[in-house]
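> I would like to see how this sequence folds:
(2 chains)
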Amino acid sequence: MKQYTNIIAAYAIMILLIIMVGILQSWSIALSILNYCLISAVMTMGANIQWGYAGLINFGIMGYTALGGLAVVLVSVAPVPEAWEAGGFNMIICLLIIVTIVFSIKYISKKIQSSKKKNFSIACIIILGLILLRFVSGPAIESIEAVDPAKTGFLGGLGMPILFSWIIGGLFAAGVAFVIGKIALGLRADYLAIATLLIAEIIVSIIKHEDWLARGVKNVIGLKRPVPYEIDLQNTPWFIELVEKFNKGKLSIINSMTERQDTLNQLIIEASSVYVKLCMAGLFLSVVIVLLILTQKALYSPWGRKMRAIRDNEIAASAMGKNVVKEHLLIFILGSAIVGIAGAMMVTNDGLFTPGSYRPMRYTFVIWVMVIVGGTGNNFGSILGGFVVWFLWVEAAPIALFLINLFTSHLPETNALKIHLIESAPYFRFLMIGIGLLIIMRYRPQGILPEKIIKQ
Amino acid sequence: MDILNAIIVLLNYTIIPALSYGSQLALGAIFVTLVYGVLRFANFATGDMMSFGTMVAVLFTYYFQSIGINFGILPTALLTIPFAILIMILYMLTIDKFVFSYYRIKKSPPVQLAMVSVGVMFVTQAIIRIIIGPFDRRFLDGEKFILKAIEFKEMTGLSEGLTIKSTQLITIVVTIIVVSIMFWFLNKTKTGTSMRAYSDNEDLALLSGIDPKKVVMITWMIAGVLATVGGVLYGLDKSYKPFVYFNNMLPIFAAAIVGGIGNPFGAFLGGYVIAFAEILITYAYKRFFTYLLPENLEPDSLLQLLSTDYKFAVSFSILVIVLLFRPSGIFKGKTL
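Numbering: from 1, shown residues only, chains lettered A, B, ... in the order given. Down below sits the predicted model:
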């Protein structure tokens, strides 16, 4: 039990902080922080599998998150039949062309031995393929994007339930991770970081600018939800009764009938948003718990020990007959898939897909800070890291504002410095995160909850 | 005549912009490569350090303008560069003392130092935004154009105009000066040689009596010069916006790796490789070919290989291709 006291204490403090936000600010804010904390926790678990278990540094988290989001659009949005009529056939042909290119490159790289010939023919195939692709897709893309551009202008999705897209998001990310892993995993650690960062940037720029796929920077709004809508809830009898029951004391004080009805309506509107967020939190929590069980099991299985051996000494592990390349690829794919799931969850939570918002700052570096702060190699730690850092990220501005007011209280309201500081309060979040990361790296490099090695 | 027109079109829209953009990238890439070669880590704070130097220059420019100092037809910002460099170097040395030196002495793995540089990136970004805010600023004054399109047309009688912005010429000239001084320093002076020795083999360099503290300090000083000059030139040419500077880190990294990380000359050329690739691949060649081809063969489409949206993606794809076929970069840098 003693070994768990740290974990329990850390989580208790975290939950207390969120409850404090609920009491001081509002329950709706507290719950949306909680939801994002849970999503961040899933992302950090993905990054932790790669970094903590295997020592692979993946700065491409942004790309997989975006892919997860793309999956939500492609799975859950209803298809646009006009667009399919206009250019669907050509797009399918394009897909076939891409598949042919990939397979012919594979065939050539296996069959032709001379490296000069090989490179030359691969380059030829790629260039010819790209010209062909442009020729086939150009008019199709134009006609697809011309279909009611204000509302659709894209092929649409499959119209399936949105929860299904979480799995597809994971699969998307896994597929892309396979390709990236094949390209980049041979690189040394810091090269790998840069390469994955730049490749993720390529993925996001494709999603941003291929409007026929998911409307690009025009965004997709009004996605389906796995939980009820607030408006529906506000008109459901059982929900109204529930709210009434909860607030009996508050309502009974009010005498006037109309006033009472008004207060009740207000309460119902508030409660409906809280209820929806609670449902989301339940869904996210179940994903976190399932992943936690799986990753914990994996960590202490023979496979997990093998991964740690590879991480700690690659050469020795490969001398013992472990296939380092294969294991690295596998864990790269697994971690990325988890990040993809998190990306899908995030878009589900927001109800909209905004490719323009995928920026390396928010979706790569902050996630990495979470992993480092929480504790590399420890799943409980990485979840905690997600909670702590996300909480700081959101609450940094109010905290900074409070501190600024405290330290400049002797200055008059019109003081230029004070006004300037108050205006730039939102940017203190970068300062807090940065200093937090530097302090942790210096004095507790293993993170808040360090990795535990169970001797067997 | 048509051939001349075609050449002017190409010069005006691709070669001159690529040369100036390439110079800006090259300065940043040499900065990355120096830090990587001597201090042995990938510095993720590159973009924000350049941004910091530029911010100081912008503030000094505003100050100079307010007290009425200007640089004639040249932008005032050029006058402020030495002051900005001084403050930049001070900032870098402070960071090195409080953050990086601990890990260097402990001989931490490069990945840890890279992670630490992410922390520095956050802090620098916060400082910049708190001091100057996240907004877009133009701080160019003095003459805007050296050659205007209309003047050129009148001068030569061609139907295509050639515009040369003063910032483009300044960028190229300043880059040539700074880079040649730097290469002279690295190759001919004793300190430069000791820096290269330290970068090549640390233990051997220490054995032969090279002072590591001095090498590190000189490296940060050169880095400060490169970061500030590169940042100010970019800001003069386009505009100063902290977020854009952070994003510029990515093509700069691409340039450094394409050129062969750890190899300053490679990084210098890598900057131009990336810039030319970005601009040549995303340029619409329609006008160029309209001049060259006979009238009945005139192209209908834009003749653009990729839309300009994919500017960054192009440079990153080049990086991926280089990593695939020549992981040590075009000009043999450190081996992986």
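
> can you give me how far the helix or strand encompassing A:Ala140 is from the chain middle?
Taking DSSP states H and E as the criterion, A:Ala140 maps to helix A:115-145. Per Cα atoms, centre = their mean, to the nearest Å, the displacement of helix A:115-145 from the mean C-alpha position of its chain is 32 Å.

> who are the packing partners of that helix?
Judged by 3 or more Cβ pairs under 8 Å, 6 or more residues apart in numbering or on different chains; DSSP states H and E, the packing partners of helix A:115-145 are helix A:89-111, helix A:211-214. Bear in mind the C-beta positions are built from the backbone N, C-alpha and C, glycine included.

> recalculate using a threshold of 10 Å.
Counting contacts by 3 or more Cβ pairs under 10 Å, 6 or more residues apart in numbering or on different chains; DSSP states H and E, helix A:115-145 is packed against helix A:81-83, helix A:89-111, helix A:211-214, helix B:311-325.

> which positions in the lowest-mean-pLDDT helix or strand in chain A come out as buried?
Ranked by mean pLDDT, DSSP states H and E, the weakest helix or strand in chain A is helix A:248-253, scoring a mean of 77. Residues of helix A:248-253 classed as buried by neighbour count (16 or more other Cβ atoms under 10 Å in any protein chain shown): A:Leu251.

> quick one: the helix or strand just after it to chain centroid distance?
Proceeding N to C from helix A:248-253, the next assigned helix or strand is helix A:257-299, under DSSP H and E. Its chain's C-alpha centre and that of helix A:257-299 lie 19 Å apart, by Cα atoms, centre = their mean.

> A:Trp84 and chain B, how far apart?
24 Å (Cβ to the nearest Cβ, to the nearest Å).

> residue boundaries of the strands in the stretch 101-250 of chain B?
Ranges of strands in the stretch 101-250 of chain B, per DSSP state E, counting those that start in this stretch, are B:145-147, B:164-165.

> tabulate those strands (CSV), appending distance to A:Phe387 and mean neighbour count.
Below are the strands of the stretch 101-250 of chain B laid out as CSV (distance: least, Cβ to Cβ, whole Å; neighbours: other Cβ atoms under 10 Å in any protein chain shown):
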stretch, distance to A:Phe387, mean neighbour count
strand B:145-147, 55, 14
strand B:164-165, 50, 18
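
> for the ones you listed, which one sits closest to A:Gly340?
The minimum distance between A:Gly340 and the strands of the stretch 101-250 of chain B falls on strand B:164-165, with 44.4 Å, by Cβ to Cβ.

> what pairs with that closest one, parallel or antiparallel?
Sheet pairing for strand B:164-165, assigned by DSSP bridges, gives strand B:145-147 (antiparallel).

> contacts only, for the nearest residue to A:Ala47 once chain neighbours are set aside.
Nearest residue to A:Ala47, sequence neighbours excluded (Cβ to Cβ, 6 or more residues apart in numbering or on different chains): A:Val371, at 4.8 Å. Residues in contact with A:Val371, defined by Cβ atoms under 10 Å, 6 or more residues apart in numbering or on different chains, are A:43-52, A:61, A:377, A:381-382, A:385-386, A:389, A:447, B:115.

> next secondary structure after the strand or helix carrying A:Val371?
Using DSSP H and E, A:Val371 sits within helix A:366-374. Downstream of helix A:366-374, the first helix or strand assigned by DSSP H and E is helix A:379-407.

> neighbours of A:Ser121, how many?
Here the number of neighbours of A:Ser121 (other Cβ atoms under 10 Å in any protein chain shown) works out to 16.

> and what of B:Pro17?
Neighbours of B:Pro17 under the rule other Cβ under 10 Å: 19.

> same question, B:Leu186
19.

> hmm, B:Phe265 and it touching each other?
Yes - using Cβ atoms under 10 Å, B:Leu186 is in contact with B:Phe265, at 9.4 Å.

> anything in contact with each of these two?
B:Ile30.

> picking that back up, possible to save the helices and strands packed on helix A:115-145 as TSV with mean neighbour count and mean pLDDT?
Shown next, in TSV, are the helices and strands packed on helix A:115-145 (neighbours: other Cβ atoms under 10 Å in any protein chain shown; pLDDT from 0 to 100):
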stretch	mean neighbour count	mean pLDDT
helix A:81-83	17	82
helix A:89-111	14	86
helix A:211-214	20	83
helix B:311-325	20	83
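
> ok, which of these comes nearest A:Ser121?
Nearest of the helices and strands packed on helix A:115-145 (Cβ to Cβ): helix A:89-111, 5.4 Å.
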